[in-house]
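Q: okay, predicted coordinates and the sequence, questions at the end:
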Amino acid sequence: MRFAFKTSPQNTTWADMLAVWQEADGIEIFESGWTFDHFYPIFSDPAGPCLEGWMTLAALAQATQRLRLGTLVTGIHYRHPAVLANMAATLDIVSGGRLELGIGAGWNEEESGAYGIELGGPSERSDRFEEACEVIVSLLTRQTTDFTGTYYRLTSARCEPKPVQQPHPPVCIGGSGERRTLRTAARFAQHWNFLGGAPEEFARKRDVLHAHCRDVGRDPQEIMLSSHVRLGPDGDPGPVVDAVAALGDRGLDLAIVILPPPHDPAVLAPLAEALAQLR
């Protein structure tokens with residue numbers, strides 16, 4: 001079992017997030033750190049403060065030495081995939097090859113509508129996401145990309161310099177839509193993230209993903225499986241250990257522990273000690 005943490009950049013301060021990441025950078029059991037990519041807080045008062053995900057990630061890359069880092073996940077409709085590919089290549093370079101490229105189809109109607117960013121219905125989101133994955137992987141791996149789709153068109157498009165990680169930073173796809181999202185993950189992902197929930201639901205989604213892998217000729221073992229697990233506001237790691245153990249029994253590879261605000265580096269040492277029982 002492997003372990004990571006997540007500091008959602010909502011209802012927090014930059015100083016508090018930075019303190020957590022710098023402390024975690026020195027705790028070996030945490031292999032990666034994650035933010036999210038939203039402009040409004042989610043699952044709380046949307047009028048609250050929310051730092052932009054990619055800007056904070058770039059700053060955190062410079063403030064750490066060891067941790068791998070990524071967003072869980074970037075809604076693909078927020079940025080043109082060619083722009084996102086260039087952002088990813090650059091951040092992989094400035095971090096010394098530590099980027100995990102987390103992407104998803106997008107879902108937040110409130111912030112999308114407020115900013116006039118077209119979200120579309122479920123079918124449109126899925127179609128656009130699949131096109132975007134193809135565009136991003138091509139730009140990160142090929143000298144030039146030509147692509148003609150419903151949503152994106154590229155002509156002799158370049159993305160230079162290429163990322164440090166070859167053939168490209170690992171693509172982490174978040175989402176559990178069984179017909180489309182998990183099939184797209186089977187095609188493009190090196191890492192699939194389960195939002196979180198009952199171990200039985202995780203196992204069912206895992207089986208759907210593996211069936212899609214067989215359909216597209218992909219070895220399911222090529223895709224790492226992760227899940228969010230939430231640390232309670234009291235900081236007690238016991239329920240986290242229990243939840244991770246149950247998920248591990250069903251094939252989880254990486255547990256990503258969501259740290260509640262206010263972010264406090266003091267929770268990391270007892271959490272790491274408790275998680276070490278599961279190794």
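A: Nice, I can see it. Since the model is a prediction, treat every value here as computed from it, not as a measurement.
Q: residues touching the spatially most central residue of the chain, list them.
A: Against the mean C-alpha coordinate of the chain, by C-alpha atoms, centre = their mean, the closest residue is L72 at 2.7 Å. Listed by C-beta atoms under 8 Å, 6 or more residues apart in numbering, the contact set of L72 reads 6, 34-36, 102, 172, 174, 193, 228, 256. (Each C-beta comes from the backbone N, C-alpha and C, glycine too.)
Q: quick check, it in a strand?
A: Yes: counting by DSSP: H, G, I helix; E, B strand; the rest coil, L72 is found in a strand.
Q: from H228, how far out is L268?
A: 17 Å (C-beta to C-beta, to the nearest Å).
Q: if you count what's nearby, which of the two comes out ahead?
A: With neighbours defined as other C-beta atoms under 10 Å, L268 and H228 compare such that L268 has more, 22 against 19.
Q: surely the more buried one and V20 touch.
A: Yes: the criterion here is C-beta atoms under 8 Å, and L268 meets it with V20 at 7.0 Å.
Q: overlap in contacts of these two?
A: Contact criterion C-beta under 8 Å, 6+ apart; residues shared by L268 and V20: F5.
Q: so what's the closest residue in space to P237 that isn't next to it in sequence up against?
A: Nearest non-adjacent residue to P237, counting by C-beta to C-beta, 6 or more residues apart in numbering: A274, 3.7 Å away. By C-beta under 8 Å, 6+ apart, A274 lies in contact with 237-238, 240-241.
Q: you'd agree A274 is in a helix?
A: Yes: assessed by three-state DSSP, A274 belongs to a helix.
Q: how much space separates it from I29?
A: 10 Å.
Q: and E124, by the same measure?
A: In this structure, E124 and I29 are 41 Å apart, going by C-beta to C-beta.
Q: re earlier: and which of the contacts of L72 is nearest to C50?
A: C50 lies nearest to F36 out of these, by C-beta to C-beta, at 9.0 Å.
Q: tell me the mean pLDDT for the strand or helix carrying that closest one?
A: Assessed by DSSP states H and E, F36 sits inside strand 30-37. For strand 30-37, mean pLDDT is 98.
Q: stretch 152-163 too?
A: If you average the pLDDT over stretch 152-163, you get 98.
Q: now stretch 68-84
A: Regarding stretch 68-84, the rounded mean pLDDT is 97.
Q: same question for stretch 255-265.
A: 97.
Q: and if you look at stretch 119-130?
A: In this model, stretch 119-130 carries a mean pLDDT of 97.
Q: ranges for the helices of this structure?
A: 14-24, 53-63, 81-94, 109-115, 122-141, 181-188, 199-216, 238-248, 268-275 (DSSP state H).
Q: deepest of those, which one?
A: helix 181-188 (a mean of 23; mean count of other C-beta atoms under 10 Å).
Q: for that one, packing partners?
A: Using 3 or more C-beta pairs under 8 Å, 6 or more residues apart in numbering; DSSP states H and E as the contact test, the elements touching helix 181-188 are helix 122-141, strand 171-174, helix 199-216.
Q: please redo it, this time with the cut-off set to 6 Å
A: Contact partners of helix 181-188 among helices and strands, from 3 or more C-beta pairs under 6 Å, 6 or more residues apart in numbering; DSSP states H and E: helix 199-216.
Q: list of residues touching the helix it packs on?
A: Residues outside helix 199-216 that contact it (C-beta atoms under 6 Å, 6 or more residues apart in numbering) are 176, 178, 182-183, 186-187, 192, 194, 220, 227, 246-247, 250-251.
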